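> need coordinates for the below:
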Amino acid sequence: MTYTRSHFAGSAASARKPRPPLYTPEERVRRDKTYWTFVQGILAPIQFFIFLASLGFVLRYLATGEGLQTANNSVVAKTLVLYTIMITGCIWEKVVFGRYLFAPSFFWEDVFSMLVLALHTAYLVAMFKGLLSSYELMYLALAAYATYVVNAGQFILKLRAARLDQEARQREAARSPAQPNLAMAAA
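Take a look at the predicted model:
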C-alpha cells in the first residue's frame, strides 16, 4: 500500500489529542460569577492606555532629551497599575482555579508575568536609588514594556481560545439534542 501526503496529514490530525478546555464547567461558573473578572476587565484596558501614553513619553525623552520627569512619572504610574492588576489577577485565579498563581490554564502567562513584574520593579529600584542614568532608565522601561506587550498578547490569545472553546461547546450542544443539559453545563 502506498501512502500519500494527505494520508499522513490525516493520520497526524486524527492522532492529535484534543486540547483540554481552558475552564472546566465549574471554573467557568466561578469565573462568570466573581467580581474579580469585572475588575480584571476594567484594569486591563486602563493599563494598556497608560502604557501607550507612557511609551510616548519615554520615546519623546529618548528622542529629544525633554520630559524626563513626565516619563519617569508615567512609568511609575504604569508600574502601580501593573501591581494592582497582578494582585487582583492572583485573587481572580484563586477564586476561579483554587490557586493564586500558576494554574495550569494560565501557567506560561503567569511565568512571563513574573518577568514583566521583575523588569518594572527593577525600573523603580534603579530610579529611586539612582543606579542608572536617565537614558539607561528609559531603555529599561522599553525592555519592561516589550515584555508587557508579549504578556498582553499571551492573555489576548488565551481569551480568544476561551471564546472559541465556548463556541465549539455551544455548537456541539446544538448538534446533540439528546443530552442538552450535559452539553450546556460544559459551556
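> when you work out contacts or count neighbours from here on, use the C-alpha atoms and nothing else.
Noted.
> tell me where this structure has helices.
For the chain, the helices defined by DSSP state H cover 5-15, 25-33, 35-64, 68-97, 107-129, 134-175, 180-186.
> now the most centrally placed residue in the chain: how far from Val81?
By Cα atoms, centre = their mean, the chain has its centre lying nearest to Phe155, at 2.7 Å. In this view, Phe155 and Val81 are 17 Å apart by Cα to Cα, to the nearest Å.
> and what of Arg175?
From Arg175 to Val81 the distance is 44 Å (Cα to Cα).
> which one of the two has more residues nearby?
Val81 (19 against 12; other Cα atoms under 10 Å).
> okay, now the closest residue to the more buried one other than its chain neighbours: neighbour count?
Spatial nearest neighbour of Val81, chain neighbours left out: Gln47 (6.1 Å); criterion: Cα to Cα, 6 or more residues apart in numbering. By other Cα under 10 Å, 18 other residues sit near Gln47.
> so that it lines up with my notes, have the first residue be 581 from now on.
In the new count, where the first residue is 581, that last one comes out as Gln627.
> surely Gln627 touches Lys658?
Yes - between Gln627 and Lys658 there is a contact under Cα atoms under 8 Å: 6.5 Å.
> on that earlier part again, confidence score at the residue nearest to the centre of the chain?
What the model reports as pLDDT for Phe735 is 82.
> these two touch, right, it and Phe687?
No - between Phe735 and Phe687 there is no contact under Cα under 8 Å: 11.1 Å.
> pLDDT weak spots in the chain?
For the chain, applying pLDDT under 70 flags the ranges 581-599, 756-767.
> what's the closest non-adjacent residue to the residue nearest to the centre of the chain?
Glu689 (6.7 Å).
> that neighbour: what's it in contact with?
731, 734-735 (Cα atoms under 8 Å, 6 or more residues apart in numbering).
> including distance to Leu632, could these go into CSV?
Shown next, in CSV, are the contacts of Glu689 (distance: Cα to Cα, whole Å):
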residue, distance to Leu632
Asn731, 15
Gln734, 18
Phe735, 18
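> so which of the helices of the chain is the most packed in?
Comparing the helices of the chain by mean neighbour count (mean count of other Cα atoms under 10 Å), helix 648-677 ranks first with a mean of 19.
> what angle do it and helix 615-644 make?
Here helix 648-677 runs at an angle of 160 degrees relative to helix 615-644 (axes from the mean of the first three to the mean of the last three Cα atoms, to 10 degrees).
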